[in-house]
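> Starting from these lines, generate the structure:
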Amino acid sequence: MKTLLLLLISFVSTGILSAQVKDAFTNKKLPDVEVLTLDGKRINIADFGKNGKITIINFWATWCGPCKLELNNINDIYDEWLEDYNVELIAVSIDDSRNTAKVKSFAQAQGWQFQVLLDPNQDLKRAFNFQMPPYTVLSNQEGVIVSTHLGYKSGDEFILEEKLKGLSK
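Here you go, the predicted model:
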């Protein structure tokens with residue numbers, strides 16, 4: 001049992017286990033799941049794959065420090081991404097329905113230039129089968145998922161930008 005636990009810890013720490021989870025969605029279309037706008041209107045995530053743009057879906061929560069840091073850092077360079085890569089970023093809050101008002105006021109206070117959506121029942125989160133945010137999904141112009149990323153450390157936005165460069169060619 002101890003050996004199995006050490007092996008599992010080794011896989012997690014080296015990224016072997018997480019790579020298998022991430023690869024489960026590569027080359028699949030964005031899922032047919034509805035989320036809410038900040039005004040309470042339903043919107044289907046699959047529709048973002050039909051507009052000819054590169055789409056970034058970033059899952060976050062008001063209680064997640066790395067999530068907020070990541071979105072603020074991306075916001076600082078988002079204008080350049082819009083101009084250079086024909087991209088759209090969708091920030092999907094996984095806060096529960098009790099915190100919906102908090103999400104809206106927080107996002108407005110940040111001055112984020114991208115669309116913020118709500119997944120209060122965590123239907124979209126379940127579709128992607130991850131445990132904790134931040135979690136980022138990148139899809140190409142046809143809505144096919146090309147990569148996913150769990151977690152955030154400063155500078156990850158530049159790694160994401162390299163992927164955007166590759167997709168925009």
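> Identify each buried residue in the helix or strand where residue 163 lies, please.
Assessed by DSSP states H and E, residue 163 sits inside helix 156-168. Residues 156, 157, 160, 161, 163, 164, 167 are the ones in helix 156-168 that count as buried (16 or more other C-beta atoms under 10 Å). C-beta coordinates here come from the backbone N, C-alpha and C atoms, glycine included.
> any idea how far residue 57 is from residue 148?
For residue 148, the distance to residue 57 equals 9 Å [C-beta to C-beta, to the nearest Å].
> which residues sit against the helix holding residue 163?
Here helix 156-168 makes contact (C-beta atoms under 8 Å, 6 or more residues apart in numbering) with 54, 56, 70, 73-74, 77, 81, 84-87, 136, 138, 140-141, 146-147, 149.
> Give me the distance from it to the chain's centre.
Mean-position distance between helix 156-168 and its chain equals 14 Å (C-alpha atoms, centre = their mean, to the nearest Å).
> correct me, but residue 147 touches residue 138?
Yes - counting by C-beta atoms under 8 Å, residue 147 does reach residue 138; the two are 4.8 Å apart.
> Looking only at neighbour counts, state which of these two leads.
Per other C-beta atoms under 10 Å, whichever of residue 147 and residue 138 has more neighbours is residue 138, with 20 against 17.
> That one pairs with what?
Beta bridges link residue 138 to residue 56, residue 147 when assigned by DSSP bridges.
> I'd like the distance between it and residue 96.
In this view, residue 138 and residue 96 are 26 Å apart by C-beta to C-beta.
> Need the single longest helix in the chain, by residues.
The residue-count maximum for a helix in the chain (DSSP state H) belongs to helix 65-85.
> buried sites along that helix?
If you call a residue buried by 16+ other C-beta under 10 Å, then helix 65-85 has these buried ones: 66, 67, 68, 70, 71, 73, 74, 75, 78, 81, 85.
> what's the burial count for the residue lying closest to residue 50 once chain neighbours are set aside?
Leaving aside its chain neighbours, residue 50 sits nearest to residue 143 (6.2 Å; criterion: C-beta to C-beta, 6 or more residues apart in numbering). Neighbour count of residue 143, defined by other C-beta under 10 Å: 20.
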